[in-house]
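Enquirer: return a 3D structure for these sequence lines:
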Amino acid sequence: MTHVRMDRQHRAKQFMPFAALKGYEEALRAKEHVVVPKKELTEDRKEELDYALNRAKPMDLVTVVYFCRGEYLKITGALTRIDREARYLKVIDTRIEFVDISTFEIEKSVSDYKGIC
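Expert: From the prediction side, this is the model:
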């Protein structure tokens, strides 16, 4: 009796990981996500944020901590848009409502770049 040689693709399938419970790992990751309540800011903190937001200009390098879907996220990047009337800003492509901002810092102002060639 001759043994038929198995091609590479079929041999590789023998050594692929096997997931007995489909979706189990995703369910575990979802359970690990801890939802936190949104913190209410003090009036003093709101004034500090308003002051910082009023000083901000497009293309400033900023760091923003904001509340999104039950967790606080931190982003650093160029401020690409700030709409004070609609009360939101964009850091690169991320839109952030003013009411969701916890901290806002201007890391480097666009005016700091003037004179640099």
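Enquirer: would you map the strands across the chain?
Expert: Using DSSP state E, the strands of the chain run over 61-68, 71-83, 88-91, 94-97, 101-108.
Enquirer: quick check: which of these is buried the most?
Expert: Of all the strands of the chain, strand 88-91 carries the top mean neighbour count, a mean of 20, counting by mean count of other Cβ atoms under 10 Å. Placement of C-beta: from N, CA and C, glycine included.
Enquirer: now Leu73: how far from Val64?
Expert: 9 Å (Cβ to Cβ, to the nearest Å).
Enquirer: ok, now Thr94?
Expert: The value you get for Thr94 to Val64, if Cβ to Cβ is used, is 8 Å.
Enquirer: next, Asp93: phi, psi?
Expert: phi -110, psi 0 (degrees, to the nearest 10).
Enquirer: next up, the contacts around the closest residue to Val110 other than its chain neighbours.
Expert: Once flanking residues are discounted, Val110 sits nearest to Met59: 4.6 Å by Cβ to Cβ, 6 or more residues apart in numbering. Counting by Cβ atoms under 8 Å, 6 or more residues apart in numbering, Met59 makes contact with 78-80, 110.
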